[in-house]
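[1] Here is a sequence with its predicted model. Questions after.
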Amino acid sequence: MQIFIRTLILGIVSGSVYALASTGLVLTYKTSGVLNFGYGALALFTTYIHWTLAVNAGLPVWLSALIVVFIVAPILGVILDTQLFRPLEGQPQIISVIATVGLFVLFRGIAQLIWKGATESVPSLFPAGVAFHLPGGAAVAKDDLGVLIVAVVAALGLGAMLRWTRIGVAFRAVVSNRSVAGLMGINTGYVSGLAWALGTSFAALMGILLAPKLLLDPNLLPPFIIAFVLGAAVVGYMRSLPLAYAGGIFIGIAQAIFVQYIRSQGFWGRISDSLPFLMITLAVIFAPRALRQAGAGASFIVHSREVMQRASRNTRGLVTVLFFGFLALVPILFSGSWTAAVYQGFVYAIIFISLVILTGYSGQISFGQTAFMGIAAFTTAHLVQGAHLPMWIAMVLGPLAAVPAGNIIGFIAVRVHGLYLALMTLAFAFMADSLFFQNPTISGGEGGIHIGRPAGFHGPTSLFYLGFMFLIAFALIAVNLRTGRTGRVLASMRDSETGSRSLGISVTKYKVLIFGLSAFIAGMGGVLLSFVLEQAGNRSFIPFLSLFFMAVAVVGGIFGVGGAIVGGLLYGIYGQLSGYQLLSWLNNWQLVLFGLGCTLALVQNPEGMFGELRRAGAAITRLYERRTRRSRTRSEPLPVAGGQE
């Protein structure tokens, strides 16, 4: 009984912190319409600042926490609101979701750049020792009691502000109806900025309270925070602060019980890691219809077609042939290290093509691509190792094994749209990782499982051309998909599913189809990626790689196949470029550059790098045609009066 009471106390303490952070996340979402997937990275960044002030600068721990929570975090929140998210107002919800993904990558990269990704021990705000004993002998630590008091006081303070102050009335008005609140004279921009300041402060407070227990680990803290905070927030359907708070308490207690009693019992023990995402899945599936369909529709593929029309088909075909011809000569023109780097670029381009046909063509957000990749890679490995099938057969059956999972997600996508679909796919990736990929029977444990290259493609050059052939094949499939009838149907569904149904289009069939195709392509990318090290391990397909893949795909241009190829090649050769002494700084700036590129691309140029390259090519073409017309005009003979020659 004493152990149970102690476990319950620990669950309430940790749950109160999750609850506090979830209220900040919900508050930000309700006032600005942005669900911040970068919440965990913001907590990491501000906690590193707290650690620097308290440990390196020697400030008292409480003073450092006050500076970070009440000065640094609010300023950061206001900057994000005014410089990033306010310019995105009126855009489809999918754009703001991807922007927060860039935010996650950006602040994770800044922490890596400044603090070198070191795991640090953060001093607690409270002294060690026992505060008091409960009846039955269970001890309550001073640290746990202090965390609980701070979390409860902060939540009560937020509730009192929202209920009994003028700014609270303005908050409730903006939450209820932002446009009407603006017509009533409420400064909605000010309210939104204040909400971001409060939300970022709560993220900082959560990191400062949790880091002494979890350590300040850049690989653990952001995913841990976003997992448990999202789980709590979705319980309140991103709208109810009391329900979100209750969800946080429930997750904390349930996690503590799982860890204490059944964590070591194999499969059931791994459920504790998946608990927040199980809650997200159930909450999303059984959410009210109006919430499940929030964010449906709204296309943001606009300028790409306009640019394409400015270049003739012959010009585009010539440029494409020259580009792929140059890629085919890479093993001849460059060293073996470049061959390997470009091969990885091919693989990433294939993975990004799977995102293009989902997000770019049909407007469906997927953060579950790593799950499809892992299913395909591990299935392929076991078919070869266990069933002794030839690799050529296994590497086709492996991606096919991911198709049913994609079909299921596609079927769910008929009920779930926009933001909630993004949450659903992210939850799917986490559950696949926790329940299956971390199972040593499936993944082979820390050493991974061997996945050899197919016969005839063991060398780096032959492997290069294998990836090249698959890239061309999937690129042709994606291009034909967009230009054919299916592409027109997907565009119609993206713009208005209701209108598509009124035209007799089977939305369910096409969503199941497109998710299945995306799962197959991503799965093949997972198999080809495993050929690099000839193994697939439990760290090969971590869920947050899906967020990073989305960020890089946006930088390249997520609206077309060309953008996927540009983004994939850039990501593939990035390490090779940073190997040169002149460009060695790129190695430390990788996450920062891709995070900045993702956020700035959405604000300044949603078409990414490929859009800029296409505009540059169109400008060069127009300049060439203009000069050609001038030269022809000058070479023509001048007319003679009277028609005489």
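    That came through, no problem. Note that the structure is a prediction, hence the values are computed from the model and not measured. Residues are numbered from 1 along each chain as shown.

[2] what about Pro460, neighbour count?
    13 (other Cβ atoms under 10 Å). Glycine gets a C-beta too; all of them are placed from N, C-alpha and C.

[3] Ala131 too?
    Ala131: 14 neighbours (other Cβ under 10 Å).

[4] mind checking how far Lys142 is from Phe126?
    Separation of Lys142 from Phe126 (Cβ to Cβ, to the nearest Å): 5 Å.

[5] out of the two, which sits in the busier spot?
    Per other Cβ under 10 Å, whichever of Lys142 and Phe126 has more neighbours is Phe126, with 20 against 15.

[6] From the centre of the protein outward, give me the first residue you hit.
    By Cα atoms, centre = their mean, the chain has its centre lying nearest to Leu547, at 2.3 Å.

[7] residues contacting that residue?
    By Cβ atoms under 8 Å, 6 or more residues apart in numbering, the residues touching Leu547 are 37, 101, 104-105, 367, 426.

[8] same thing but at 10 Å, please
    37-38, 41, 98, 100-102, 104-105, 108, 223, 226, 367, 369-370, 426, 429, 598 (Cβ atoms under 10 Å, 6 or more residues apart in numbering).

[9] Can you select the buried ones from these in ChimeraX?
    The buried subset of the contacts of Leu547, as determined by 16 or more other Cβ atoms under 10 Å, is captured in ChimeraX by this line:
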select :37,38,41,98,100,101,102,104,105,108,223,226,367,369,370,426,429,598
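
[10] which residues in the stretch 51-200 of the chain form helices?
    Counting by DSSP state H, counting those that start in this stretch, one finds helices in the stretch 51-200 of the chain at the ranges 61-67, 73-80, 93-115, 142-164, 166-176, 178-183, 188-214.

[11] what angle sits between the very next helix or strand once past the last one and helix 93-115?
    Note on helix 188-214: by DSSP states H and E, the next helix or strand toward the C-terminus is helix 221-235. Using axes from the mean of the first three to the mean of the last three Cα atoms, to 10 degrees, the direction of helix 221-235 lies 150 degrees away from that of helix 93-115.

[12] could I have helix 221-235 exported to CSV, CA atoms only?
    What follows is helix 221-235, C-alpha atoms only, in CSV (Å, rounded to 0.1, in the frame of the first residue of the first chain):
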residue,chain,number,x,y,z
LEU,A,221,13.4,16.1,-23.3
PRO,A,222,11.6,17.5,-26.4
PRO,A,223,9.9,14.3,-27.6
PHE,A,224,9.0,13.5,-24.0
ILE,A,225,7.4,16.8,-23.4
ILE,A,226,5.6,17.0,-26.7
ALA,A,227,4.3,13.5,-26.3
PHE,A,228,2.8,13.9,-22.9
VAL,A,229,1.6,17.5,-23.4
LEU,A,230,-0.1,16.7,-26.7
GLY,A,231,-1.8,13.7,-25.1
ALA,A,232,-3.2,15.9,-22.3
ALA,A,233,-4.2,18.7,-24.7
VAL,A,234,-6.1,16.4,-27.0
VAL,A,235,-8.1,15.0,-24.1
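
[13] helices or strands up against it?
    helix 2-32, helix 39-51, helix 93-115, helix 188-214, helix 241-261, helix 266-285, helix 418-432, helix 544-556 (3 or more Cβ pairs under 10 Å, 6 or more residues apart in numbering; DSSP states H and E).

[14] any idea how far that helix is from the chain center?
    Relative to its chain's centre, helix 221-235 lies at 14 Å (Cα atoms, centre = their mean, to the nearest Å).

[15] For that helix, give the mean pLDDT please.
    In this model, helix 221-235 carries a mean pLDDT of 79.

[16] Would you convert the helices of the stretch 51-200 of the chain into TSV that also reports distance to Phe323 and mean pLDDT?
    TSV is the format used below for the helices of the stretch 51-200 of the chain (distance: least, Cβ to Cβ, whole Å; pLDDT from 0 to 100):
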stretch	distance to Phe323	mean pLDDT
helix 61-67	52	94
helix 73-80	37	93
helix 93-115	27	83
helix 142-164	55	84
helix 166-176	49	77
helix 178-183	46	75
helix 188-214	42	87
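
[17] nearest to Tyr510, of those helices?
    Each of those has some distance to Tyr510 by Cβ to Cβ; the shortest is helix 93-115, at 18.0 Å.

[18] what's that closest one packed up against?
    Packed against helix 93-115 by the contact rule (3+ Cβ pairs under 10 Å, 6+ apart) you find helix 39-51, helix 73-80, helix 221-235, helix 418-432, helix 544-556, helix 590-604.

[19] rewinding a little: and the helices and strands packed on helix 221-235 as TSV, adding distance to Val512?
    Formatted as TSV, those follow (distance: least, Cβ to Cβ, whole Å):
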stretch	distance to Val512
helix 2-32	29
helix 39-51	32
helix 93-115	20
helix 188-214	37
helix 241-261	31
helix 266-285	16
helix 418-432	14
helix 544-556	20
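
[20] Nearest to Lys509, out of these?
    Comparing the helices and strands packed on helix 221-235 under Cβ to Cβ, the one sitting nearest is helix 418-432, at 17.5 Å.

[21] buried sites along the closest one?
    By 16+ other Cβ under 10 Å, the buried positions in helix 418-432 come out as 418-432.

[22] tell me what that helix is packed against?
    Packing partners of helix 418-432 (3+ Cβ pairs under 10 Å, 6+ apart): helix 93-115, helix 221-235, helix 266-285, helix 289-292, helix 369-385, helix 391-413, helix 544-556.

[23] still on that earlier bit, tell me which of the helices and strands packed on helix 221-235 sits nearest to Phe515.
    helix 418-432 (9.4 Å).

[24] next SSE after the closest one?
    Proceeding N to C from helix 418-432, the next assigned helix or strand is helix 440-443, under DSSP H and E.

[25] Contacts for the next helix or strand after that next one, please.
    Per DSSP H and E, the first helix or strand lying C-terminal to helix 440-443 is strand 449-450. Applying Cβ under 10 Å, 6+ apart, the contact partners of strand 449-450 are 377-378, 380-382, 384-385, 440-444, 530, 533-538, 540.

[26] Out of these, which end up buried?
    377-378, 380-382, 384, 442-444, 530, 535-538, 540.

[27] Greatest separation within those: which pair is it?
    Of all pairs drawn from the buried ones among the contacts of strand 449-450, the greatest distance, 18.4 Å, lies between Val384 and Asn538 (Cβ to Cβ).

[28] Give the buried residues for stretch 493-508.
    493-494, 497, 500, 505, 507.

[29] typo on my end, stretch 323-335
    327, 330-331.

[30] thought Ser540 was touching Gln438?
    No - under the criterion of Cβ atoms under 10 Å, Ser540 is not in contact with Gln438, lying 11.5 Å apart.

[31] as a whole number, average confidence for stretch 535-552?
    For stretch 535-552, the mean per-residue pLDDT is 85.

[32] Can you give me the end-to-end span of it?
    End-to-end distance for stretch 535-552: 24 Å, by Cα to Cα, to the nearest Å.

[33] now swap in stretch 231-244 and tell me
    Stretch 231-244: ends 9 Å apart by Cα to Cα.

[34] Distance from the chain centre to that stretch, please.
    Worked out by Cα atoms, centre = their mean, stretch 231-244 lies 21 Å from the chain centre.

[35] That one: which residues count as buried?
    231-238, 240-241, 243-244.

[36] show me where pLDDT drops low in the stretch 251-400 of the chain?
    Applying pLDDT under 70 to the stretch 251-400 of the chain flags residues 262-273, 288-312.

[37] next helix or strand past the helix or strand hosting Leu322?
    Of the helices and strands defined by DSSP H and E, Leu322 is found in helix 313-328. Following helix 313-328 in sequence order, the next helix or strand is helix 330-333 (DSSP H and E).

[38] contacts for that next one?
    Contacts of helix 330-333 (Cβ under 10 Å, 6+ apart): 326, 338-343, 345, 459-462, 464-465, 468, 573.

[39] Which one of these is nearest to Ile477?
    For the contacts of helix 330-333, the nearest to Ile477 is Phe468 (15.2 Å; Cβ to Cβ).
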